[in-house]
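Enquirer: build me a structure from this.
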Amino acid sequence: MASTHHAPIEEHPDLMELRAQHDRAATTPRAQMIEALALITGLYLAASPWICGFNGATTLTVTNLIVGIAYMLLLGGLGSSYERTHSMAWAAAVIGIWTCVAPWVVAGDVAHTRSITSNLITGAIATVIAVAAAVATTSAARGHTEGRRGSTRAQDDRSAMPLGRDDR
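Expert: Next comes the predicted model:
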C-alpha cells in the first residue's frame, strides 16, 4: 500500500498567491494613507473629550475612549492583516455610525454642542475611512480573482490543444 504525502494547506499555491496579493495591496500608497488616517481618527476620537472639553460627561468620555481605541485596533493594523480587513472595515464603519449617535444614546446629559459637533464630524470621517478600507480590500480580492481566472483560462486552452511531437 502506497502512502501519499499531502503538503500543508499553508503551502497551497492559491493560498500563497492570495497572501502575496494582499501583501502587495497593503503596501500601496492608498492603503498606507487609509491606515494613517484611521490611526489619527481613532486617536482623536479617544482623546476628543479632553481636546474639546467635554470630559465632564463621563459616559461619553468613556465611550469615546473605548470606541477610539477599538477603531485604531480594527483599522490601524491594515498592513499586517490585510486579508482580514474587509470584515474589520465594516465593523469600523459601524463604530463610525455609533460615534455619530452616541451623544444622544449614552446615559446622562451629554448632548452638548461641543460633544455633538465633535462626534458627528469624527463619526462621519471614521465611517468614510472604514468604507474606503472595505472598498480597497474588495478591489484587491477582485484583482486576485480576475488574475486567477485568466491563468485558468489559458491552462484550459493549452489542454484542449492536440499534442505535437515534442509534447508527447
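Enquirer: in this protein, which spans are helices?
Expert: Using DSSP state H, the helices of the chain run over 13-26, 29-52, 58-76, 85-105, 113-160.
Enquirer: now M72, nearest residue through space, not along the chain?
Expert: Leaving aside its sequence neighbours, M72 sits nearest to G42 (CB to CB, 6 or more residues apart in numbering; 3.3 Å). C-beta coordinates here come from the backbone N, C-alpha and C atoms, glycine included.
Enquirer: the one you found: what's it in contact with?
Expert: Contact analysis of G42 by CB atoms under 8 Å, 6 or more residues apart in numbering lists 68-73, 75-76, 126.
Enquirer: relative to V67, how far out is it?
Expert: To V67, G42 is 8 Å away according to CB to CB, to the nearest Å.
Enquirer: which one (most neighbours) among the contacts of G42?
Expert: A126 (30 neighbours; other CB atoms under 10 Å).
Enquirer: okay, now the unreliable bits of this protein?
Expert: For the chain, the stretches with pLDDT under 70 are 1-3, 5-7, 9-27, 77-86, 137-168.
Enquirer: how about a cut-off of 90?
Expert: 1-36, 53-58, 73-90, 106-115, 133-168 (pLDDT under 90).
Enquirer: okay, the contacts of G42 in CSV with distance to L120 next?
Expert: Output for the contacts of G42, formatted as CSV (distance: CB to CB, whole Å):
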residue, distance to L120
G68, 15
I69, 20
A70, 19
Y71, 16
M72, 20
L73, 23
L75, 20
G76, 22
A126, 11
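Enquirer: which one of those residues is nearest A132?
Expert: Within those, the smallest distance to A132 is 9.8 Å, found for L75 (CB to CB).
Enquirer: got the contact list for the closest residue to that closest one other than its chain neighbours?
Expert: Leaving out its chain neighbours, the residue that sits closest to L75 by CB to CB, 6+ apart is A38, at 3.6 Å. By CB under 8 Å, 6+ apart, the residues touching A38 are 71-72, 74-76, 78, 92, 126, 129-130, 133.
Enquirer: switch to 10 Å and redo it
Expert: 71-72, 74-78, 89, 92, 125-126, 129-130, 132-133 (CB atoms under 10 Å, 6 or more residues apart in numbering).
Enquirer: A91 contacts A130, doesn't it?
Expert: Yes. Counting by CB atoms under 10 Å, A91 does reach A130; the two are 8.0 Å apart.
Enquirer: more neighbours: these two, which one.
Expert: Shown here are A91 and A130; by other CB under 10 Å, A130 has more neighbours (27 against 14).
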